[in-house]
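A.B. asks: no sequence on hand, only this structure:
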């Protein structure tokens, strides 16, 4: 039983590591986003040498916990309404040296110094950044990963918009019923005219 549990933990760590850009050795983190809305701001904390030390995300008006290390040296990237990250560039050496976030509005914001091995990731043409995971040590951020989601933006608690297809079908059915009713009414009118004509002919006789 203990062996199976150990293997399961190792497998989970391996799966997580496969999604990390940079170095995989260190303490794993995942910034929980469920039910908090879209990312509105990204905050990066620096070491004295301006390496990336910690990261924090703001979902609507709620800030996440700081992952990695806190520092008095930090920068923050605030996005406008209807703006979201569609691509991330960066560079890594022994630590994460830089990250550049690119939005659907064409805005680019860079953290750190661009040196070392380059990295690049995006979710595709119809996706945007949902949250971030990664690995850190007591010195800096070692590696980073990105979770992408479809471009259907909603505020927390906002109902999922329903497709108009069902309504369209109902409207079509209602319209068809009305047309059928009108045809029946027209037929009744024709019958009434015909009957009246026959009665008139009988009276003339």
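C.D. replies: That came in fine, so what should we check first? This one's a predicted model, so the numbers in the text were calculated from it and none came from an experiment.

A.B. asks: contacting residues for residue 104?
C.D. replies: Contacts for residue 104 were tallied using Cβ atoms under 8 Å, 6 or more residues apart in numbering; they are 83-84, 86, 128. In short, each C-beta sits where N, CA and C put it, glycine included.

A.B. asks: repeat that for 10 Å
C.D. replies: Residue 104 makes contacts with 79, 82-87, 128, 151, as judged by Cβ atoms under 10 Å, 6 or more residues apart in numbering.

A.B. asks: tell me how far it lies from residue 151.
C.D. replies: 8 Å (Cβ to Cβ, to the nearest Å).

A.B. asks: same deal with residue 55?
C.D. replies: Relative to residue 151, residue 55 is positioned 23 Å away (Cβ to Cβ).

A.B. asks: do the same with residue 68
C.D. replies: Taking Cβ to Cβ, one finds residue 68 at 29 Å from residue 151.

A.B. asks: where does this structure dip in pLDDT?
C.D. replies: The model of the chain has pLDDT under 70 over residues 1-18, 153-205.

A.B. asks: how about a cut-off of 90?
C.D. replies: For the chain, the stretches with pLDDT under 90 are 1-19, 34-36, 60-61, 124-125, 151-205.

A.B. asks: thinking again about what came up before, neighbour count winner among residue 55 and residue 151?
C.D. replies: Taking other Cβ atoms under 10 Å, residue 55 and residue 151 do not tie; residue 55 has more neighbours (25 against 14).

A.B. asks: secondary structure of the more buried one: a helix, I assume?
C.D. replies: No - applying DSSP: H, G, I helix; E, B strand; the rest coil, one finds residue 55 to be strand, outside a helix.

A.B. asks: domain ranges for the chain?
C.D. replies: Following automatic domain parsing, one finds the domains of the chain at 8-150, 167-205.

A.B. asks: so of those, which one's packed in deepest?
C.D. replies: Mean neighbour count (mean count of other Cβ atoms under 10 Å) peaks for domain 8-150 among the domains of the chain, with a mean of 17.

A.B. asks: how about the closest residue to residue 48 other than its chain neighbours, what does it touch?
C.D. replies: Residue nearest to residue 48 in three dimensions, not counting chain neighbours: residue 73, with 7.7 Å by Cβ to Cβ, 6 or more residues apart in numbering. Residues in contact with residue 73 (Cβ under 10 Å, 6+ apart) are 44-48, 50, 53.
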